[in-house]
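>>> Predicted structure and sequence below. I'll ask about it afterward.
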Amino acid sequence: MRMHNPPHPGETLREDVLPALGLSVAEAARQLGISRVTFSRVLHGHAAISIDLARRLEAWLRKPEGCGPSAESWLRGQVAYELWQAEQSGDALEVEPAHSVSA
């Protein structure tokens, strides 16, 4: 069952991760090796978590004992958000059901 209105993963970063670390957007972006503008767009839900950013987040948030959110978890969150948003759009998909073609 899908989560009802899952948050954009940037919201988690903005509301939970950055305050817990006591970091500004600019400092977090610097540590991640990305631009402040790019990171800000993700934090405010205007850009998606890319594979590259998911890998950077995994490495950045890895604890010494090896645990922390994986790249896969960031990407799963992004997919859940995008899929829910697409389903709420109400746009009907024009798709013909799959069927075999006789030779």
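Perfect, thanks for sending it.
>>> Name the residues of the helix ranked longest in the chain that are buried.
Counting by DSSP state H, the longest helix found in the chain is helix 71-88. Across helix 71-88, burial judged by 16 or more other C-beta atoms under 10 Å covers Ala71, Trp74, Leu75, Gly77, Gln78, Ala80, Tyr81. Yep, even glycine has a C-beta here, placed from its N, CA and C like the rest.
>>> Surely the fifth one and Ile51 touch.
By that I understand Gln78. No. Using C-beta atoms under 8 Å as the test, Gln78 is too far from Ile51 to be in contact (9.8 Å).
>>> any idea how far Gly22 lies from Ala28?
10 Å (C-beta to C-beta, to the nearest Å).
>>> more crowded one of those two?
Ala28 (21 against 7; other C-beta atoms under 10 Å).
>>> show me the contacts for the more buried one.
Leu13, Leu18, Leu21, Phe39 (C-beta atoms under 8 Å, 6 or more residues apart in numbering).
>>> Now which of those residues would you call buried?
Leu13, Leu18, Phe39.
>>> where in the protein is pLDDT low?
For the chain, applying pLDDT under 70 flags the ranges 1-3, 103.
>>> residue boundaries of the helices in it?
Using DSSP H, helices in the chain cover 9-12, 18-21, 25-32, 36-43, 51-61, 71-88.
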